[in-house]
Structures are given as C-alpha cells and as structure tokens.
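In: What follows is a predicted structure for the sequence shown.
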Amino acid sequence: MINRAIELIRKSTRPVIFTGAGMSRESGMRTFRGEDGLWKQYSPEQLSSISGLRSAPEVVWNWYRMRLMTGEGVVPHAGYKALTYLQSKKGKLPVITQNVDGLHRLAGQTDVLEIHGSMRTASCLDECGFSTELTSGILKNLPPFCPDCGAILRPDIVLFGELLPQKIISKSYELAEDCDLMIVIGTSVQVWPAAGIPFAALENGAVIIEINPVQTELPRSDHVISIRRKAGEILPLLVGLEEKT
Ligand code: APR
C-alpha cells in the first residue's frame, strides 16, 4: 500500500492536496471531531456562527482568542515540510485547505486555497469596509470594535450558515475535476461543500491517497488508498524525504 502510494505520487502529473484539521494535529492544534474534538466541548452554532457572534460577541471572541493563542508560536510539523518539498519537486501542487490556521503558508507553500478563510485577519461585521491583521494586541479588550463605524469585528473565516468564497470553491472543484491524484489529509470529509471536493476528484477518475488514522466518509474503492497513519509520520516517507526502513 505504501509503495503503491509512493509510486503514484512520483508518477503523478496533476496532483492536488486537500487538508483538514488533522493535518495540524501534530503541530498541537485540536481537531473538531474525534476523541478530543473541539465540537465535543463547545457548540459550533454558538461559537462559529453570525447569530452567535451578534448575540454573545464576548463569548465568541474569547473562543477565537483562545484558538489564536493556541496557534501562536505553532510550528508546521514534518508533514507540512514534506508537502513543501513535494511542491518544489512537482513545480505545481495546489493545496486546498479547510484549515484557518495558516500553517500551509507558514511552511512556505504557495498556491494555497483557504476555502474556510483564515484567522490572519478580521473585518467589520457590518461590512463598512474596515479590515485588519488579527493580532493578540487587538484582542486585549473583547469584543473588538470597528474603529470606523463602531460595529463588532468578525474573524475572516467562513462561519456556519455562510457561503464559502465562491471563486475559491469553484477553483477548488475545477482542480478536483482535473487532477490525476488527490492526497486527502486529516479530514473527516463531513462538512459540505468542502467535503464534496474529494468526491469530485473520484468522479473525474483520479486516485485518492487518504492519510487518516481512522475510517472516514470516503468510499472503499480501488481508487482510494487509505493509509491509517498520522500525517507527520508518513508524509516524509511518501514524498521521498525519508527512506523506507
Ligand atoms: N494525521 C492525520 N489525520 C488526523 C490526525 C493526524 N495526526 N489526527 C486526527 N486526524 C483526523 C481525524 O481522524 C479526523 O478524521 O483528522 C480528521 C479531523 O476531522 P475534523 O475534526 O472533522 O476536521 P475537518 O474535517 O477539517 O472539519 C471540517 O468542519 O467545523 C468545521 O470549519 C470546520 O474546517 C472545519 C470543517
């Protein structure tokens, strides 16, 4: 299985990467589902929605400050470095991520499509046009207010009930429909429309290499190679940064 995956990655001419929260687990970020998932402890409707932000802005911003602080000083693990190496080897390797932690970019990857937005910036909830880098300084007093119109600020991530950035999601589906290989890493493949991206790759006849310690919604098929390992452990081997022992 591993050798077949190594060979497929080596021979692939139009590979695409698709990642979820599990890709950042070995850098110390929590996932949303699974044994220690954030959604077991917190309510996504309350903490990751426009209605929640409007009804309890301080609670919601406390949650984002906690996630930002957790993310501060976080270093991309060996799996991220392996993807950066693969991107330099392949010359073109689009990275579609559901993550908002910015670790793909921090690892030096380019052509990164952040389909759920990013925690790097915040903007005016009333859309007056104000936007700013999201730093811990801004979050000294919660909730942060827009200096131009006095409305609450919002993190520039896609909140539940909101549409995904149309250009990015269309581009992501285009890439899925054209790729010959998709490496799907650290996602439970449960949240649509992002979760449809690997299925679009399968429909176009691409092969999927899935890296996830547990079974997900991806179908059992000879076009899906599921490697039940952690991203940071197995990616360096798969991309040729480590020799098989
Ligand atoms: N390596 C690879 N996969 C891992 C690792 C690891 N070290 N650790 C955990 N995983 C897997 C888990 O088994 C799980 O299947 O990562 C997956 C994480 O799934 P979720 O927590 O559901 O995260 P994700 O799929 O990214 O969620 C999608 O849901 O709440 C929304 O906006 C949020 O973008 C998120 C979306």
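Out: In hand now; what should we look at?

In: roughly how far apart are residue 143 and residue 57?
Out: With distances defined as Cβ to Cβ, to the nearest Å, the gap from residue 143 to residue 57 amounts to 4 Å. No exception for glycine: its C-beta is placed from N, CA and C like everyone else's.

In: shared neighbours of the two, which are they?
Out: residue 152 (Cβ atoms under 8 Å, 6 or more residues apart in numbering).

In: Which residue does the protein have closest to the ligand?
Out: residue 22 (2.2 Å; Cβ to the nearest ligand atom).

In: Near that residue, how many other residues are there?
Out: 25 (other Cβ atoms under 10 Å).

In: That one contacts residue 187, doesn't it?
Out: Yes - using Cβ atoms under 8 Å as the test, residue 22 is close enough to residue 187 to be in contact (6.4 Å).

In: Quick check: neighbours shared by the two?
Out: Counting by Cβ under 8 Å, 6+ apart, the residues touching both residue 22 and residue 187 are residue 212.

In: contacting residues around the residue nearest in space to the middle of the chain?
Out: With the centre of the chain defined as its mean C-alpha position, the nearest residue by Cα atoms, centre = their mean is residue 99, 2.4 Å away. Neighbouring residues of residue 99 by Cβ under 8 Å, 6+ apart: 19, 20, 21, 23, 24, 114, 116.

In: which helices and strands does the strand ranked longest in the chain pack with?
Out: Longest strand in the chain by number of residues (criterion: DSSP state E): strand 117-124. Strand 117-124 sits against helix 57-71, strand 131-133, strand 153-157, with contacts defined as 3 or more Cβ pairs under 8 Å, 6 or more residues apart in numbering; DSSP states H and E.

In: Report the mean per-residue pLDDT for the following helix or strand past the longest one.
Out: If you walk from helix 57-71 toward the C-terminus, the next helix or strand you reach (DSSP states H and E) is helix 78-90. Per-residue pLDDT values over helix 78-90 give a mean of 98.

In: could I have helix 78-90 exported to CSV, CA atoms only?
Out: Presented in CSV, the C-alpha positions along helix 78-90 are these (Å, rounded to 0.1, in the frame of the first residue of the first chain):
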residue,chain,number,x,y,z
ALA,A,78,7.4,17.4,9.4
GLY,A,79,4.3,16.6,7.3
TYR,A,80,4.0,20.2,6.3
LYS,A,81,7.7,20.3,5.4
ALA,A,82,7.1,17.2,3.3
LEU,A,83,4.3,18.9,1.3
THR,A,84,6.5,22.0,0.8
TYR,A,85,9.3,19.6,-0.5
LEU,A,86,6.8,17.9,-2.8
GLN,A,87,5.5,21.2,-4.1
SER,A,88,9.1,22.3,-5.0
LYS,A,89,9.7,18.9,-6.7
LYS,A,90,6.5,18.9,-8.7
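
In: Could you name the helices and strands sitting against it?
Out: strand 15-19, helix 103-106, helix 231-238.

In: Could you export the ones you listed as JSON lines, including mean pLDDT?
Out: Shown next, in JSON lines, are the helices and strands packed on helix 78-90 (pLDDT from 0 to 100):
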{"stretch": "strand 15-19", "mean pLDDT": "98"}
{"stretch": "helix 103-106", "mean pLDDT": "95"}
{"stretch": "helix 231-238", "mean pLDDT": "98"}
